[in-house]
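Enquirer: give me the fold of what follows.
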Amino acid sequence: MYGTIARIHPKPDRIDQLRAYVERLAATGRSPAGYRQSYIFRPDEDPYERPTWFLIALFDDRESYVANANSPEQDAEYRQLRELLEDDPDWMDGTFTGA
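Expert: Numbers count the residues shown, from 1 in each chain. This is a model prediction of the structure:
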């Protein structure tokens, strides 16, 4: 599998909106070719100086991931997400393997 982990910093006054955004995407989101699953990880005890969450998105392979990343639909979803964040996500793309 291939995908991304993004460190994100929600705007403090937009956390409820971010939760609603994630829930809406999970319930009604599109399903691009090769897409597997997405997750939002919120640490119980945040070790950072400001609220920090992690977004994880998994695809069958790098080609599917890149095709989605370059799609107008993904750009529109990203722009909605970005409105809820203090700054741009810190993206880390790569291969996921099982234990």
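Enquirer: partners of whichever strand or helix holds residue 38 in the sheet?
Expert: Per DSSP states H and E: residue 38 is located in strand 35-41. Paired neighbours of strand 35-41 in the sheet (DSSP bridges): strand 53-59 (antiparallel).
Enquirer: ok and the following helix or strand past the strand it pairs with relative to strand 53-59, angle-wise?
Expert: As assigned by DSSP H and E, the chain's next helix or strand after strand 53-59 is helix 62-69. Angle of helix 62-69 versus strand 53-59, following axes from the mean of the first three to the mean of the last three Cα atoms, to 10 degrees, is 120 degrees.
Enquirer: not counting helix 62-69 itself, show me its contacts.
Expert: With contacts defined as Cβ atoms under 8 Å, 6 or more residues apart in numbering, helix 62-69 is touched by 2-4, 32-35, 57, 59, 74, 93, 95. Heads up, the C-betas are built off the backbone N, CA and C, glycines and all.
Enquirer: what about stretch 66-77, distance to the chain center?
Expert: In terms of Cα atoms, centre = their mean, to the nearest Å, the gap separating the centre of stretch 66-77 from the centre of its chain is 12 Å.
Enquirer: how about the helices in this structure?
Expert: Applying DSSP state H to the chain gives helices spanning 15-28, 62-69, 72-82.
Enquirer: packed most tightly, which of those helices would that be?
Expert: helix 62-69 (a mean of 17; mean count of other Cβ atoms under 10 Å).
Enquirer: now that helix: mean pLDDT?
Expert: For helix 62-69, mean pLDDT rounds to 96.
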